[in-house]
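A.B. asks: have a look at this prediction, sequence included:
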4 protein chains.
Amino acid sequence: MTIRTVVWGENIHEQTNAIVRSIYPDGMHNTIAATLNRDPSISATTATLAEPEHGLGEARLTETDVLVWWGHKDHGAVEDAVVERVARRVYEGMGLLVLHSGHFSKIFKRLMGTPCALKWREAGERERIWVVDPGHPIASGLGDHFVLEHEEMYGEPFSVPEPLETVFISWFAGGEVCRSGMTWRRGAGHVFYFRPGHETYPTYHDTTVQRVLVNGVKWAFNPQAAHTGIHEAPNVPVDRAPEPIVERGPKLHQPGEAGYR
Amino acid sequence: MTIRTVVWGENIHEQTNAIVRSIYPDGMHNTIAATLNRDPSISATTATLAEPEHGLGEARLTETDVLVWWGHKDHGAVEDAVVERVARRVYEGMGLLVLHSGHFSKIFKRLMGTPCALKWREAGERERIWVVDPGHPIASGLGDHFVLEHEEMYGEPFSVPEPLETVFISWFAGGEVCRSGMTWRRGAGHVFYFRPGHETYPTYHDTTVQRVLVNGVKWAFNPQAAHTGIHEAPNVPVDRAPEPIVERGPKLHQPGEAGYR
Amino acid sequence: MTIRTVVWGENIHEQTNAIVRSIYPDGMHNTIAATLNRDPSISATTATLAEPEHGLGEARLTETDVLVWWGHKDHGAVEDAVVERVARRVYEGMGLLVLHSGHFSKIFKRLMGTPCALKWREAGERERIWVVDPGHPIASGLGDHFVLEHEEMYGEPFSVPEPLETVFISWFAGGEVCRSGMTWRRGAGHVFYFRPGHETYPTYHDTTVQRVLVNGVKWAFNPQAAHTGIHEAPNVPVDRAPEPIVERGPKLHQPGEAGYR
Amino acid sequence: MTIRTVVWGENIHEQTNAIVRSIYPDGMHNTIAATLNRDPSISATTATLAEPEHGLGEARLTETDVLVWWGHKDHGAVEDAVVERVARRVYEGMGLLVLHSGHFSKIFKRLMGTPCALKWREAGERERIWVVDPGHPIASGLGDHFVLEHEEMYGEPFSVPEPLETVFISWFAGGEVCRSGMTWRRGAGHVFYFRPGHETYPTYHDTTVQRVLVNGVKWAFNPQAAHTGIHEAPNVPVDRAPEPIVERGPKLHQPGEAGYR
């Protein structure tokens, strides 16, 4: 079974910033997709902001098992209709990995229902990422921690809902900490936020980071058929109630009428 | 300390439907507010859809500790700007009780990040509400269950995020079940969903339901000062890092520049 | 990859009660193991109370990926040393399915840390099990609910810790409800409690129940190598701290000394 | 309403170690109790290992609302019967604060159901404690972080069950992190683990730590009457089922017979 994965990259700084371009000459999205494609169970392609519908048309999303999201410079340019489309697919079971600055993406804020804000500092400082939940599939094959010598600092409080699982916590040389790997469920979709990945550092060339990305895609994959019924609020008429009942008392709705939304 | 509470009622069916009007001649919002005001620690007023800004202007929300929300017929008529304003206040610490058909309100879906859909049937059937978490403040003073002889059925799956706590589960005569009392945290705000309350039945005149509403308001109250900083993503410059560090490597942002949102 | 599964059965009522023997002439443990073995990814054997070490010797447990537990009549007869051994293996990553009356087994109470009590009634009444989390692997392939025409009633409050996930909730004809499928993590081990399975009814011959058991074993399987280090509380000496630090201030322990336990 | 609080101290190192005695000449338990007693809503007394029943007799526990636990040197000396008694009171609604080395106390391991192990280093290094959940009552009145200049390091993974809430995370100068404030519910009892408090440093003289202790006791207090029924698994006979049902099928138990435990 192949996990059909789309790596979405904003692809702005790779075009406009010489430093970023030098680190990711093919674009961050292509670097990440190439990493994922080295695993035989994953088939990864890419999509970017500049494409029509940001490369996330209805047909394509329907055939996507896991979406990986990296954006930073222009979250606001992502069309609301595409955000809703992605959210619906997550509810139906599509996995979602949100990377680094994607904490402020529309889709992440939409699914979390909170500000998703945090402290930050761009100083190329040392980040030491501790594995808090060593038995978690996303931590598979890692040691007790790993180090990124140069990263942007993200600091708590990170205003997300209490996660289902805290997998990683980061220590920063400048004194802050951050819950850098957390999971949530939204409908049938698995959501994983992974903190590292500032574009001026070679984070996605790090082999441990790459291992986390591969693990994350596998974990986020829901092999069930799409739960397309999740958007419905079906009426169950009296004559189809699981137990025989008799209708009683006053009511608002006529038979067959849809509920209010 | 008085808990400043606003009971928001859509107030449509009370005006347009004779049955609803006969049960709640003063409107559901006024019935609920009167219930809450019988508790000396609560000071409740009301707001309705038809008022300017739906009665939820900036100044009023700033002075609201807990908001109770009942809507059904016209969720779509609630202005998006008001929904955002309410969400921001929840993040800052305002409590929120969402009642019955409010599961499909904009504010609840906004905070949950999921469809919030469920099955339903309007047959005036018996609902038996079981206390799953007897030690929870919201269940204080209740027996092991209570019965509403006539209620609308709501059935699982109820597509909300896994709750922090499940307080009540309902049994319906027609054969379904529903998690009818659940809690979540959003920022500094406590959110409680309470299922009963179809407008064609006298649910909010039931003394046990009234007890739950009072308990819920007290539980949702966060006595801390508003966490107005929760919307910010502050930069922590190198010279103000908690530990002394030296800036290294390339960077995107100029000193003092705001982050991208 | 084959999931090495052990089905532990108390195997008392099958020997002493004619009704139970007539339903499970091979014993409940063998019926369940046969069910699991029909799935090509599972290799199931059995163990029973009467065997030396209850069939759960150190060597065998080390080679067990998932343990399924059914007990009822004589929980107290299970040796504490075996309970501790099973708990240790769960922490290391062995999956555990606890069935029905196993809610009062030593191992379940040991892992939950709570009384695990509930209401009960043996009346052969109808149980309707609702899928609350349709996207969960354990619910894979099920409809929105299934019915067991004759079951023992278990009723809330069920005094377990708030679960990681609520997968199933049961409706009973007599008016009660029960969270009948819940998950927890203990160390690296996945724990699933599944309610149905009173021995005087043919529950484990039901094909939907069998599907849940197979799904449950697959879900509980942690393919990682055993986390044998989870029992240790290692000292990290100053000269091996991840960041260079200088020892300061008074201390209790001499270099190389173990901590207190 | 006064919160009847007992501060339990092992009181060994204060008697045997000159350094500890110099920091806490009255014993750690008395220092903590004096801190709590400065808050008018708390009435704190103490109990120690050397007292009969460790000062935790049945009558006293029955009149205790919140128990604070500090132990280190001789966890094994605490009688199992007392541990069970304390656990039962927690289920009934008594709050429990477990401090520092209490992570390895019998009562904490009993309630968590996991090893509760972690890394450690006694080097007097700097601990910076970040508030992850600023809206939580336990964090009330704190800034975004506070510093303990000399503390023992505790490092992840800390093998506890996924908490209900993560309130604090610690940064250590030597490079580790630790979830240093977490909450769980066990029955009707609120449990809070708070990391700092190594006996060779003056941690409990720190005013911010003291504030956390006061906040913690208030948060852990459950004002409801003791849930003494939580230990029972009551049979609900057919003629007392909430809905009328007819007994069907074979059964194990005779009328009025207790269930197996």
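C.D. replies: Nice, I can see it. Numbers count the residues shown, from 1 in each chain, chains lettered A, B, ... in the order given.

A.B. asks: residue contacts, the residue of the stretch 1-150 of chain A found nearest chain C?
C.D. replies: Of all residues in the stretch 1-150 of chain A, the one sitting closest to chain C is residue A:135 (2.5 Å; CB to the nearest CB). All C-beta spots, glycine's among them, are computed from the backbone N, C-alpha and C. Neighbour list for residue A:135: C:93, C:185, C:187, C:188, C:189, C:222, C:224, C:227 [criterion: CB atoms under 8 Å, 6 or more residues apart in numbering or on different chains].

A.B. asks: ramachandran angles for the fifth one?
C.D. replies: Put plainly, it is residue C:189. The phi and psi torsions at residue C:189 (degrees, to the nearest 10) take the values phi -100, psi 140.

A.B. asks: near chain C at all, stretch A:179-198?
C.D. replies: Yes: on the criterion CB under 8 Å from any CB of the partner chain, stretch A:179-198 is in touch with chain C at A:185, A:187, A:188, A:189.

A.B. asks: residue A:21 against residue A:14, yeah?
C.D. replies: Yes: distance between residue A:21 and residue A:14: 5.4 Å, which falls inside the contact criterion (CB atoms under 8 Å).

A.B. asks: pick out whichever of these two has more residues nearby.
C.D. replies: A count of neighbours by other CB atoms under 10 Å in any protein chain shown puts residue A:14 above the other of residue A:21 and residue A:14, at 22 against 15.

A.B. asks: how close does that one sit to residue A:72?
C.D. replies: As for residue A:14, its distance to residue A:72 is 11 Å (criterion: CB to CB, to the nearest Å).

A.B. asks: quick one: residue A:6 is in a strand?
C.D. replies: Yes: with the criterion set as DSSP: H, G, I helix; E, B strand; the rest coil, the secondary structure at residue A:6 is a strand.

A.B. asks: that one against residue A:64, yeah?
C.D. replies: Yes: contact status for residue A:6 versus residue A:64: in contact at 4.9 Å, counting by CB under 8 Å.

A.B. asks: the more surrounded of the two?
C.D. replies: Shown here are residue A:6 and residue A:64; by other CB under 10 Å, residue A:6 has more neighbours (23 against 20).

A.B. asks: and the pLDDT at the more buried one?
C.D. replies: On pLDDT, residue A:6 comes in at 98.

A.B. asks: distance from stretch A:243-251 to the middle of the chain?
C.D. replies: Put simply, stretch A:243-251 sits 44 Å off its chain's centre (CA atoms, centre = their mean, to the nearest Å).

A.B. asks: next: stretch A:46-62.
C.D. replies: Offset of stretch A:46-62 from its chain centre (CA atoms, centre = their mean): 16 Å.

A.B. asks: likewise stretch A:121-136?
C.D. replies: Using CA atoms, centre = their mean, the mean C-alpha position of stretch A:121-136 is found 18 Å from that of the whole chain.

A.B. asks: who's in contact with residue A:124?
C.D. replies: When contacts are taken as CB under 8 Å, 6+ apart, residue A:124 is in contact with A:150, A:151, A:200, A:201, B:247, B:248, B:249, B:250, B:251.

A.B. asks: please redo it, this time with the cut-off set to 10 Å
C.D. replies: A:149-153, A:173, A:198, A:200-201, B:238, B:245-251 (CB atoms under 10 Å, 6 or more residues apart in numbering or on different chains).

A.B. asks: run through the strands of chain A in chain order.
C.D. replies: Listed in chain order, the strands of chain A (DSSP state E) span A:3-9, A:42-48, A:66-70, A:95-99, A:119-131, A:145-155, A:165-172, A:177-186, A:189-194.

A.B. asks: save the ones you listed as a markdown table, and put in distance to residue C:82 too.
C.D. replies: As requested, those are exported to a markdown table (distance: least, CB to CB, whole Å):
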| stretch | distance to residue C:82 |
| --- | --- |
| strand A:3-9 | 40 |
| strand A:42-48 | 42 |
| strand A:66-70 | 41 |
| strand A:95-99 | 39 |
| strand A:119-131 | 30 |
| strand A:145-155 | 35 |
| strand A:165-172 | 30 |
| strand A:177-186 | 33 |
| strand A:189-194 | 35 |
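
A.B. asks: list the contacts for the spatially closest residue to residue A:134 that is not a sequence neighbour?
C.D. replies: When the adjacent residues along the chain are set aside, residue A:134 lies closest to residue D:157, with 5.5 Å between them (CB to CB, 6 or more residues apart in numbering or on different chains). Contacts were defined as CB under 10 Å, 6+ apart; by that measure residue D:157 touches A:130-135, A:139, A:144-145, A:169, C:187-188, C:227, C:229-230, D:115, D:117-119, D:178-179.

A.B. asks: for the stretch 1-150 of chain A, what lies in contact range of chain D?
C.D. replies: Taking CB under 10 Å from any CB of the partner chain as the measure of proximity, the stretch 1-150 of chain A contacts chain D at A:119, A:126, A:128-135, A:139, A:144-145, A:147.

A.B. asks: which one of the residues you listed has the most neighbours?
C.D. replies: Ranking the residues of the stretch 1-150 of chain A next to chain D using other CB under 10 Å puts residue A:132 first, with 28 neighbours.

A.B. asks: return the residues in contact with that one.
C.D. replies: If a contact means CB under 10 Å, 6+ apart, then residue A:132 has A:139, A:144-145, A:165-169, A:179-182, D:156-159, D:162, D:166, D:169, D:177-179 as its contacts.

A.B. asks: ok, residue A:26 - how many residues close by?
C.D. replies: With neighbours defined by other CB under 10 Å, the count for residue A:26 comes to 12.

A.B. asks: who's in contact with it?
C.D. replies: Going by CB under 10 Å, 6+ apart, residue A:26 touches A:14, A:33, A:34, A:46.

A.B. asks: how far away is the closest residue to chain B within the stretch 1-150 of chain A from chain D?
C.D. replies: The nearest approach of the stretch 1-150 of chain A to chain B comes at residue A:124, 3.1 Å away (CB to the nearest CB). Summarising the geometry, the distance separating residue A:124 from chain D, computed by CB to the nearest CB, to the nearest Å, is 18 Å.

A.B. asks: got it, and residue A:122?
C.D. replies: Taking CB to the nearest CB, one finds residue A:122 at 19 Å from chain D.

A.B. asks: was I right to think that residue contacts residue A:172?
C.D. replies: No: shown here, residue A:122 and residue A:172 do not form a contact pair, counting by CB atoms under 10 Å, at 12.0 Å.

A.B. asks: between those two, which one's more packed in?
C.D. replies: Set side by side, residue A:122 and residue A:172 give different neighbour counts by other CB under 10 Å, the larger being at residue A:172 (28 against 24).

A.B. asks: please name the bridge partners of the more buried one.
C.D. replies: According to DSSP bridges, residue A:127 are recorded as the beta-bridge partners of residue A:172.

A.B. asks: contact partners for it?
C.D. replies: With CB under 10 Å, 6+ apart as the criterion, the residues that contact residue A:172 are A:119, A:121, A:123, A:125-128, A:151-155, A:178, A:180, B:236, B:241-243, B:245, D:171, D:177.
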